[in-house]
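Peer 1: just coords:
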């Protein structure tokens, strides 16, 4: 039971990081990305490679993951500078599909479909953190850091610029704001921090493969943000907790077909998203119901 | 010979892409509703055909069942989801998420009923015949190209020559003016959904006999629809048709250079290039900004 709860805490913390970072671009900059799992995956693969080939130290493998994801995120920033929400959804969907192909084919780096095995546990100042209980401290600590950092950014003048761009790009530009630069920085920050979730995920499970980084994952992350409430601090974390506890709740009701838990979970959050949009577009934690 | 073979296969794929994408393009162009569940319409049409044809209904009743499924889904979605959302706001994001949620639910319900693997409809029409030395073409390729010609030609005629068609184009230009002329925008919107949904039926049925179906195919359908709509130019039906054919040809001819798992990457590369270099698309008037 204890192991189960620690495991759940770790997963909720990791998905919360993903949701908080997606919320950072979605809720504040109006960039609706269906490619967030790409950076989750890139962080996981990069940190695994560095941990196996260079050093498993948290101060080496985790920053490497952030740098790699931040660099690749420029591919996502480029279309975001050119087009509005509708068209950007298409570009991010395409990037997600392309990345899954690359992750399945680039065997030297990702191990192909088979994935990466035997990833060493992460080393924090000489401590090897691998027990679920200890790891929960690490993953929650990283989550807290990510939340503090993104909240500080959102409350700073940078955050005001982001919201200004979301509400009216041309108005922000006419006030002399460098819109392309602000958007690019926000995408790079979001992707770099999402890579931290990937690095945590890889060193926690010590095994990763492409199945964890598909479109389904991007969809789940987006559902978490939306159900929790876009543009709020607590929303993504509440959403992550609800959606990740959902499978256990489904398995508690024995009359439901237990072999279809994954499908039932997706049906519930799919319909949940639709109903929220009809009745409460701000999300569960949203401050602006029915805006 | 390989190039000719791939060009013919590409035309077949392109015809199906054009038929798939044009429904989304019509709905998005005329109503501004980002109908992400268009992929779900495709999946519903395809599986209705698969189930009824497999149950021995015969081709014509199965086609009618498939058309019924797609149109009913489109109209219900419009009535129960989009109209209520438009009543309070209807920003792009709210509509997109609602539509997206329905798409996820449909994909999983279909997966629970029919299984998540690939299924194909068996027919003698998919057997290839040697047309020239080393060039094999199945009768389905000609059916696909013929269907595309008939349905896309019919759609163009409908949009240009009938009152409902002209009202649809008017709705795209100016919904307020439509109201001033005494037409009901909501009824026109429903017509857009009925037509946009029914036009995926031929593509869905032919796909079920050629490459096969899976519940997750809806995402691929959306990628193609979005890519063709953007590459063709938002609001331009002819642009979408042209772009659909070009994307199919490009995917197929790319096999001369790359392996088959990279075909979706080719679509993405073309889409990406257009978004960066020419966001208004091939025949689009309005820019994407």
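Peer 2: Thanks, I have the structure now. Everything numeric here is computed off the predicted structure, so don't read it as measured data.

Peer 1: helices and strands of the chain: which one has the lowest mean pLDDT?
Peer 2: Going with chain A. The helix or strand of chain A with the lowest confidence, counting by mean pLDDT, DSSP states H and E, is strand A:127-129 at a mean of 77.

Peer 1: try again with chain B
Peer 2: strand B:129-132 (a mean of 74).

Peer 1: Following the chain onward from it, which element is next?
Peer 2: The C-terminal neighbour of strand B:129-132 among helices and strands, as given by DSSP states H and E, is strand B:135-137.

Peer 1: Pull out the buried positions in the top helix by length along chain B.
Peer 2: If you go by DSSP state H, chain B has its longest helix at helix B:2-31. Using 16 or more other C-beta atoms under 10 Å in any protein chain shown as the burial criterion, the residues of helix B:2-31 that qualify are B:5-6, B:8-31. The way it works is simple: take the backbone N, C-alpha and C, and place the C-beta from them, glycine included.

Peer 1: if I pick residue 67, what's in contact with it?
Peer 2: Answering for chain A, as no chain was given. Residue A:67 sits next to residue A:192 when contact means C-beta atoms under 8 Å, 6 or more residues apart in numbering or on different chains.

Peer 1: actually chain B
Peer 2: Going by C-beta under 8 Å, 6+ apart, residue B:67 touches B:45, B:198, B:201.

Peer 1: For residue A:52, state which of those residues is nearest.
Peer 2: The closest of the contacts of residue B:67 to residue A:52 turns out to be residue B:45 (C-beta to C-beta; 47.6 Å).

Peer 1: can you list the weak-confidence ranges in the stretch 151-289 of chain B?
Peer 2: Residues of the stretch 151-289 of chain B meeting the criterion pLDDT under 70: B:285-289.

Peer 1: after the longest helix of chain B, next one along is what?
Peer 2: Next along from helix B:2-31, by DSSP H and E: helix B:38-54.

Peer 1: tell me the angle of that following helix relative to helix B:2-31?
Peer 2: 120 degrees (axes from the mean of the first three to the mean of the last three C-alpha atoms, to 10 degrees).

Peer 1: Which secondary structure elements does helix B:38-54 sit against?
Peer 2: helix B:2-31, helix B:59-77, helix B:92-114, helix B:185-198, helix B:201-209, helix B:217-232 (3 or more C-beta pairs under 8 Å, 6 or more residues apart in numbering or on different chains; DSSP states H and E).

Peer 1: just to revisit the earlier point, can you give me the buried ones in the next helix or strand after the least confident helix or strand of chain A?
Peer 2: Downstream of strand A:127-129, the next assigned helix or strand under DSSP H and E is helix A:132-155. Residues of helix A:132-155 classed as buried by neighbour count (16+ other C-beta under 10 Å): A:132, A:135-139, A:142-143, A:146-147, A:150, A:153-154.

Peer 1: quick check, nearest of those to chain B?
Peer 2: residue A:154 (18.3 Å; C-beta to the nearest C-beta).

Peer 1: ok, now which ones touch that closest one?
Peer 2: With C-beta under 8 Å, 6+ apart, residue A:154 has these contacts: A:24, A:28, A:162.

Peer 1: let's see 7 Å
Peer 2: residue A:28 (C-beta atoms under 7 Å, 6 or more residues apart in numbering or on different chains).
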